[in-house]
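[1] Need coordinates for the following:
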Amino acid sequence: MNDIQLNEEVNLSSLGSSQKRHNQWRRWSEDIIPALVKPYMEYLEVSRSLRVIVDAGVDGTGQCHNCLEELEITYCLCTPAPVQLMKRGLFACSPVAPTLAVDLRLLEFMKTLFVRLTPNTTAWCEALECFLDAQGYQLQSKDNLRRRFSNAYHWYSVLTIYMEDHITTLVHSFSPSSIQQESTQPSNYLCARCPLCFGGNLERAKTDQDDLDCIVCLDACFTQKRTNNPRNSAACDPPNPTNTVFIPDSEVKVMEDFIEKQRSCSSNHHSLAQTQQEDRFEDGMRVPVSVLDGCGDSFHAADEKRQKASTRFFADTGLMALLCRHDRVLWLVNMTSAGEKQHYALVLVKNLFEHLPSNMTVGLLYDIGCQLERSCHKWKLLDDGILSRLKFGISVFHAYGHQWPCQIVYHPRKCVGFGLSDGEGCERLWSSLKMLIPILRVSGYHQRLFVLDNQIRHFDKKSFSLFGQWLDKKWSLCKRKKMMAWEALCELHVDMQTLRHEWAAQVELQTRPLPRQSKNKGSQQLAYILSLEKTVEDYQSHVDKLENDLINNHVHDIVDFNLQLAAAKGSLSKASHALRQKKSALGFELERLERSYRNSVNESHIQSHVESSLKRREPAILKLVSTYNNLCGELQSMIRLHKAPPGAIPPTPIPSKGIFQLDVDSDIWQDVGLGECHPDPPWWLADESVRKGIKLMLEIDRCNEEERRLSRERSVLQEWFSVEWLSVQTALEEADKHYKYHLKKYRENLVAAYVKWEARVRHIPCAWLPSRPWGPTGEDIANHLATLYDPSCCHTGNTSTVGDCSDGGMCQYSGGDVLVSGVGEGGRTMEGDVSVLIWSGGDHGPIEGAHCVSIQSGG
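    Prediction:
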């Protein structure tokens, strides 16, 4: 063994640091981590999931370490050092000859801590060094502690993920649903990502209504960037042997090439279509071209060429995520372009439909959903089989930045099928991940993906336990909104059929294309102005000629001459006036205004100039107001005497007082009666009750859709849970014995979830009668509650019990570093009880001499 180790050290010394790192990564991934799974599972069983201190190692040679000390072990190729250390509850920092081993409980604590705050191992190791120095422990090399500890922490995280996936795969291998046809159900991956959306028997949830089978949202984030590393960190950062939610870069590249090919093939056809100025509907779209162009100009995300992150300084410019309506991540894409390219969104959508049966419909909420749908139809970027089952919408928060016709069609509160889903799950995800921005800015490529995957796993576990609370909250909110909308609608006394008819008429009218406009209208106006200028010059020349004839005494008939001169000056005046009007309409007078602004010294001078101008013109303006009001009175008199046309509406008089303090909603801006007469305007425009009723009707419709969806998700949750329970029960009966403890833990977690869920969703009606009950029996529930409230069920060893939990009194137990105090009826901490954990061990270290002190107020 010594010769082999010597040869290995000689070979390693001749390799570069990059190759050494790669070899170490390969050894961890392929050899050590698979070999550590079984001893790690055995140690978890013996230590009761790290709750107790093992007094003897699994092989009989281990001992309890109460301080920092050196340890000598003998290892060989068949039993490497990391395996032997694992049997002692320690994790090695390297796969061959570790120089540092870390206690599993400490690593588990760090793993729990670093998903709740920024995972900064550098600061933590520095603090640990300072603490150990103060306790009298001197490390031989401080520089290596961070590197060695970080290595141990990373591969311990890999091991825990590897083991969890292994147990989950084992349980699902005994699932009775595995014999069903995969073509009628979503993939196992989607079912694992979100049981509420993709679990259970979805074939039973099919209805004849317009409800969508699932609702997802996607969005990009350009704050999760990674800087360029001149030393090529991607080559020095091999991938981790764990499952990931990231779509491979190769698939993203394939989609990018496909989109470029589609656009280049159809560029000539669409360039000819773009020359047409007539507003119209594009193929497959429900809003006209003018509206889509306006939405595209309003959003930076719609401009693929806009740079949101520099590719010169950043290797990875951001993330794009696809989430379900329960804010659970389905897939992520690593972005490397400067802008928000459409191929990132399309590869996510395509990946989703590859995991769905051919009859499932999907609602997609995206900030620029209208632009994405337009591109899909325009360039044929998705198959017709996908587009026919895909309904686009716009997330609630971003919908108000779109054109009004676009909101009518794409707003989820106005679009059929989306219920009360808001589509802002990605924004909540980015907010949860913001603590990782600084640490991932300088990380390696695969390390960045691993940290994000680990954080997503934490979010999944957290939301999994809150499924029941989520359904209960959404159900209560939906019922409350629906009740309030019904009460308000009943007060309006407008029937629902009328509201639906008026809403359809409003949508039809407000999504019409704009009237046709001439593409040469501007050129024609300029040509007309130029011709007027030529005419003015001709008239001026004619007037000058006549005046010269008069001066030179070349006039023979003075009467005829005066008539000619008057006619010439009249024509000149009319032409000049027409020219000034045309120039003013096209903005030629703007130069004079700009010149006036430049000549003003400051704002005070401008203000005084305006005030003086208004004061100088005030008499003329007031005279115009008086004349206008007199005419309005005459029109009202004509209407009363029935001398006006039928349906005529008199304009509103202008108040003479306050004419210079007009507001934006003043009646002066309303040209009532001055345009075409509309004796019968539509109710959705003129009747305030109908306008309010339409809003309430849409809210009631969305609440009804949300109720049906929540009832369906409640049934799906129970069916998924029953299958999961049956699978773990079968696995307990048929799996190997070294899996028993972990399968029991898996079952305990299911029981804990059932206890949280069932009481929350009990009042929600099922969309259909579930085929099986939930699964846990009364005995299972009682055992779980006893584990929560009875210390002897969750801890074995040095345990002391004080008081009685059953009557709500004081309950305390201690053993090692475990402390539970003040737990009464219902698992709540009693008021006035304070639990203090005091570490005092002296020479024995911080473990053996630990004391648990419970202080009760008033006692």
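[2] only C-alpha atoms for contact and neighbour calcs from this point on.
    Fine.
[3] Tell me which stretches of the stretch 451-600 of the chain form helices.
    For the stretch 451-600 of the chain, applying DSSP state H, counting those that start in this stretch gives helices covering 467-492, 496-510, 521-551, 558-585, 590-599.
[4] meant to ask about the stretch 251-400 of the chain
    For the stretch 251-400 of the chain, applying DSSP H, counting those that start in this stretch gives helices covering 267-274, 289-298, 342-354, 369-379, 384-387, 396-399.
[5] Pull out the buried residues from stretch 528-539.
    If you call a residue buried by 16 or more other CA atoms under 10 Å, then stretch 528-539 has these buried ones: 529, 532, 533, 535, 536, 539.
[6] Could I get the average pLDDT for that stretch?
    For stretch 528-539, the mean pLDDT works out to 83.
[7] Which residues does that stretch contact?
    568, 569, 571, 572, 575, 576, 578, 579, 582, 583 (CA atoms under 8 Å, 6 or more residues apart in numbering).
[8] thinking again about what came up before, now, which of the buried residues of stretch 528-539 sits nearest residue 767?
    residue 529 (71.1 Å; CA to CA).
[9] Distance to residue 333 added to the buried residues of stretch 528-539, as CSV?
    Compiled in CSV, these are given as follows (distance: CA to CA, whole Å):
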residue, distance to residue 333
529, 56
532, 61
533, 62
535, 66
536, 66
539, 71
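[10] and those residues, which two are the farthest apart?
    Going by CA to CA, the pair spanning the buried residues of stretch 528-539 furthest: 529 and 539, at 15.2 Å.
[11] Reformat the helices of the stretch 451-600 of the chain as CSV; add distance to residue 625.
    As requested, the helices of the stretch 451-600 of the chain are arranged in CSV below (distance: least, CA to CA, whole Å):
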stretch, distance to residue 625
helix 467-492, 40
helix 496-510, 35
helix 521-551, 33
helix 558-585, 23
helix 590-599, 26
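[12] can you name the farthest residue from the center of the chain?
    Centroid-distance maximum for the chain: residue 556 at 90.0 Å, with CA atoms, centre = their mean.
[13] what's it in contact with, if anything?
    Contacts of residue 556 (CA under 8 Å, 6+ apart): none.
[14] could we number from 34 for the rest of this?
    New numbering, starting at 34: the last item is residue 589.
[15] And it, what's its pLDDT?
    The model's pLDDT for residue 589 equals 78.
[16] Show me which of the buried residues of stretch 561-572 is closest to residue 757.
    For the buried residues of stretch 561-572, the minimum distance to residue 757 (CA to CA) is 80.2 Å, reached by residue 562.
[17] Tell me how far residue 369 lies from residue 353.
    With distances taken as CA to CA, to the nearest Å, residue 369 is found 11 Å from residue 353.
[18] Look up phi and psi at the residue nearest to residue 217 when sequence neighbours are not counted.
    What sits nearest to residue 217 in space, not counting adjacent residues and going by CA to CA, 6 or more residues apart in numbering, is residue 390, at 5.4 Å. Phi and psi for residue 390, reported as degrees, to the nearest 10, are phi -70, psi 160.
[19] and residue 390, how far is that from residue 219?
    Relative to residue 219, residue 390 is positioned 6 Å away (CA to CA).
[20] Compare the two and say which is more crowded by neighbours.
    A side-by-side neighbour count of residue 390 and residue 219, using other CA atoms under 10 Å, places residue 219 first with 23 against 14.
[21] Surely that one touches residue 391?
    No: if you go by CA atoms under 8 Å, residue 219 and residue 391 don't touch, sitting 9.6 Å apart.
[22] Now the common contact residues for these two.
    Joint contacts of residue 219 and residue 391 (CA under 8 Å, 6+ apart) do not exist.
[23] Show me how far stretch 735-746 is from its chain's centre.
    Average the C-alpha atoms of stretch 735-746, do the same for its chain, and the two points are 22 Å apart (CA atoms, centre = their mean, to the nearest Å).
[24] Oh, that last question was meant for stretch 473-480, not what I typed.
    In terms of CA atoms, centre = their mean, the centre of stretch 473-480 is found 22 Å from the chain centre.
[25] Then stretch 311-318?
    Between the centre of stretch 311-318 and the centre of its chain there are 30 Å (CA atoms, centre = their mean).
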